[in-house]
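Asks: Okay, structure incoming, though there's no sequence with it:
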């Protein structure tokens, strides 16, 4: 067996294992103590993420506080050759009621690449309907959304975030807190039944 073929097969196996572990992790029930610990970790991640966004772009604080709601996610991704995936969790917060909804995400990332990436995403919901749809019906980004992202508000500067849907602005940062390019192709967001 030649080396490129072995490398491709290894990549497929690693990706399959990652997707399998992700699927299994959502099936194993959490104990009450483990669920409380997970909620605390997610809240801490959200606070740190917002602080990093605010430090770089102070106008984002006004947008978050004035919005109907916001969501913060931490995602872990693996990319190998033409395939990749990301999984993660986060919270959505209703600014009117201060209610916190715990959520999960999964993303398939087509396209060429290698490596592991940790990144975080902040969504700002400018309208009640956009927030309600996100938390109650789930949300899915496809190729059409990505095409819109590439032609929409990026011209006004990353400091203002990127409009990903009517009434929804998004910031995406990496682990070091740098604002990075938006990548939400094939992403699905939904409520976490074990933490709510």
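Replies: All right, it came through fine. Model, not experiment: these values are computed from the prediction.
Asks: C-alpha from now on. contacts and neighbour counts both.
Replies: Will do.
Asks: residue ranges of the strands in this protein, please?
Replies: 69-81, 83-94, 100-108, 113-125, 139-140, 162-165, 168-174, 187-191 (DSSP state E).
Asks: For these, give me JSON lines that also has mean neighbour count, mean pLDDT and distance to residue 34.
Replies: Below are the strands of the chain laid out as JSON lines (neighbours: other C-alpha atoms under 10 Å; pLDDT from 0 to 100; distance: least, C-alpha to C-alpha, whole Å):
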{"stretch": "strand 69-81", "mean neighbour count": "22", "mean pLDDT": "76", "distance to residue 34": "18"}
{"stretch": "strand 83-94", "mean neighbour count": "23", "mean pLDDT": "82", "distance to residue 34": "15"}
{"stretch": "strand 100-108", "mean neighbour count": "21", "mean pLDDT": "87", "distance to residue 34": "14"}
{"stretch": "strand 113-125", "mean neighbour count": "19", "mean pLDDT": "75", "distance to residue 34": "23"}
{"stretch": "strand 139-140", "mean neighbour count": "16", "mean pLDDT": "70", "distance to residue 34": "27"}
{"stretch": "strand 162-165", "mean neighbour count": "19", "mean pLDDT": "78", "distance to residue 34": "34"}
{"stretch": "strand 168-174", "mean neighbour count": "21", "mean pLDDT": "83", "distance to residue 34": "27"}
{"stretch": "strand 187-191", "mean neighbour count": "20", "mean pLDDT": "86", "distance to residue 34": "18"}
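Asks: Nearest to residue 28 among the ones you listed would be which one?
Replies: Of all those, strand 100-108 sits nearest to residue 28, with 14.7 Å by C-alpha to C-alpha.
Asks: residues in contact with residue 128?
Replies: Applying C-alpha atoms under 8 Å, 6 or more residues apart in numbering to residue 128 gives the contacts 68, 69.
Asks: hmm, back to that, for residue 39, which of the strands of the chain is the nearest?
Replies: Taking the strands of the chain one by one with C-alpha to C-alpha, strand 100-108 is closest: 7.7 Å.
Asks: what's the angle from that closest one to strand 187-191?
Replies: Note on geometry: by axes from the mean of the first three to the mean of the last three C-alpha atoms, to 10 degrees, strand 100-108 and strand 187-191 are set 150 degrees apart in direction.
Asks: so what strands line up beside strand 100-108?
Replies: strand 83-94 (antiparallel), strand 187-191 (antiparallel) (DSSP bridges).
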